[in-house]
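Peer 1: The following block contains a protein sequence and its predicted model.
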Amino acid sequence: MSDSPTHRNVQLVVDALRAGGAADRAVDGLRVLPDAVTTAASAAAALGVEVGQIANSLVFDADGEPLLVLISGAHRVDTGKVAALIGVRKVTRASPDFVRAATGQVIGGVAPVGHPAPLRTLVDRALEVFDEIWAAGGIAHAVFPTTFAELLRVTGGEPADVA
């Protein structure tokens, strides 16, 4: 890891990546950036990659249950499509309090892993075209490199067309 994790959320992400069998590349490549990167565009600019390579971790309220959608930064979640896909009545953007309760993290830094309990997770199939994907590391300043297959494995996620 390029910077020693000092924030509790970053350490939880590192621990979850290791426990999930993530490649050393993910843990060793975790970066704590000097500035917050709370959008896909800002993360892509800071890393020098395409916006589509950023895996936005978005938490939704799916009939009262948390749902994590890892979507390419180049796309927007179609909540109606996702609701039909997972068999719920309604999927809505979660409130900041709902997100924090479900993940232990705040909007803008939500990681795919490192939560108090596993979350049902959908992973955007559009991410599969990239050899390298970047995801948040538990705080708005931290990111780590990964792959589509690794995201599926470490999150227990389901590949899905969510846009």
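Peer 2: Received the coordinates, thanks.
Peer 1: Give me the three-state assignment for the residue of the chain positioned farthest from its centre.
Peer 2: Within the chain, the residue lying farthest from the chain centre (CA atoms, centre = their mean) is R89, at 23.8 Å. In three-state terms, and counting by DSSP: H, G, I helix; E, B strand; the rest coil, R89 is coil.
Peer 1: Low-confidence ranges, this structure, go.
Peer 2: 1-5 (pLDDT under 70).
Peer 1: Would you map the helices across it?
Peer 2: 8-19, 24-28, 40-47, 79-86, 96-103, 148-155 (DSSP state H).
Peer 1: Which among those is found nearest to G73?
Peer 2: Smallest distance to G73 across the helices of the chain (CB to CB): 2.6 Å, for helix 40-47. Where you see a C-beta, it was placed from the backbone N, CA and C, and this is true even at glycine.
Peer 1: Would you indicate which residues of stretch 19-27 are buried?
Peer 2: G20, A22, A26, V27 (16 or more other CB atoms under 10 Å).
Peer 1: no, scratch that, I was asking about stretch 30-37
Peer 2: By neighbour count on 16+ other CB under 10 Å, the buried set for stretch 30-37 is L30, R31, V32, L33, V37.
Peer 1: And for stretch 46-53?
Peer 2: A46, L47, V49, V51, G52, Q53.
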